[in-house]
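Undergrad: With the input below, show me the fold.
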Amino acid sequence: MSAPAQPPRQPVHPFPHSDRLRLRPLTETDVPALHALHNDPEVMRYLTGGAPVSVEHVRAVELPRMNRHFDAADGPGFWGAERRDGEGGLLGWFELRPLDTNGGGVFELGYRLRRDAWGRGYASEGGRLLVRRAFERLGARRVTADTMAVNTASRRVMERCGLRYLRSYTEDWPEPLPGSEHGEVEYVIDRAEWEAQRLPADEQPDSRR
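TA: Sure, this is the predicted structure:
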């Protein structure tokens, strides 16, 4: 007599999700959507200046790079973002990357969304999911994010994710982008700050003291 069929094994830690958004590992089927995303001049304005990339480059270089060193099932990684209702396809991706592979506890947050997904709160919603994952699951002591100083939209997303402005700095780019003369900015949130933000309002420290 054969043994009864076992139910499908569920992951010990489900993928990050919110009421509207779910994050999942990127796969080969995402290549066309990633190609379109990475070739939108407005999406890439503060990253590459809108320089085009081929679909083969996305398939052979970018997707393997995004998946190579990360454990999206149980750790940091690059995550494809889509709506919980399954409508609209791939919205873009989010990144949670350890900056120190020796266990320094600092993780970098990144994100890239389709232009038609802008202004709907998806970027801050997905970013908050990964900030929470960093502190609750990965033992992070700090989450950091960087962008060009003139990228005001990305800076607002960082603030909505709970990060605060830390510093401005300059980089020497081989091919500077318009606006790079104003430098870069770094935003951060430390564990104590994140834990304080999660407290109910009546338990928040009184800033007047």
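
Undergrad: contacts, neighbours, all on C-alpha from now
TA: Fine.

Undergrad: Give me the secondary structure label for Pro176.
TA: The three-state label given to Pro176 by DSSP: H, G, I helix; E, B strand; the rest coil is coil.

Undergrad: same check, this time on the one 10 residues further on
TA: When states are read from three-state DSSP, the local structure at Glu186 comes out as strand.

Undergrad: Check whether it really touches Thr170, as I assumed.
TA: No - at 10.8 Å, Glu186 does not count as touching Thr170 under the criterion of Cα atoms under 8 Å.

Undergrad: how far does the strand or helix carrying Glu159 sit from the chain's center?
TA: Taking DSSP states H and E as the definition, Glu159 sits inside helix 152-160. On the basis of Cα atoms, centre = their mean, to the nearest Å, helix 152-160 sits 13 Å off its chain's mean C-alpha point.

Undergrad: Tell me which of Glu186 and Thr170 has more neighbours.
TA: Taking neighbours as other Cα atoms under 10 Å, Glu186 and Thr170 compare with Glu186 leading, 19 against 13.

Undergrad: circling back to that earlier point, helices or strands up against the helix holding Glu159?
TA: helix 122-137, strand 142-148 (3 or more Cα pairs under 8 Å, 6 or more residues apart in numbering; DSSP states H and E).

Undergrad: Please repeat the previous calculation with a cut-off of 10 Å.
TA: strand 106-113, helix 122-137, strand 142-148, strand 164-169, strand 184-190 (3 or more Cα pairs under 10 Å, 6 or more residues apart in numbering; DSSP states H and E).

Undergrad: Who does Leu109 form a beta bridge with?
TA: Leu96 (DSSP bridges).

Undergrad: ok, now how distant is it from Phe94?
TA: Applying Cα to Cα, to the nearest Å, the value for Leu109 to Phe94 is 7 Å.

Undergrad: Find the residues that touch each one of those two.
TA: Shared contacts of Leu109 and Phe94 (Cα atoms under 10 Å, 6 or more residues apart in numbering): 78, 127, 130.

Undergrad: bridging residues for the first one?
TA: Okay, so that is Phe78. Phe78 forms beta bridges with Glu95, as assigned by DSSP bridges.

Undergrad: can you count the residues close to it?
TA: So Phe78, with other Cα under 10 Å, has 26 neighbours.

Undergrad: Return the residues in contact with it.
TA: 23-26, 63, 65-72, 93-97, 109-111.

Undergrad: Please apply the same query to the second one.
TA: The neighbours of Gly127, taking Cα under 10 Å, 6+ apart as the test, are 94-96, 109-111, 121, 133, 157-158, 160-162.

Undergrad: got a winner among those for most neighbours?
TA: Neighbour tally across these (other Cα under 10 Å): the maximum, 27 neighbours, falls on Met158.

Undergrad: Can you verify my assumption that it contacts Ser124?
TA: Yes - here Met158 reaches Ser124: they are 7.2 Å apart, a contact under Cα atoms under 10 Å.

Undergrad: Could you find the closest non-adjacent residue to the spatially most central residue of the chain?
TA: Against the mean C-alpha coordinate of the chain, by Cα atoms, centre = their mean, the closest residue is Phe94 at 2.9 Å. Closest residue to Phe94 apart from its sequence neighbours, by Cα to Cα, 6 or more residues apart in numbering: Tyr111 at 4.2 Å.
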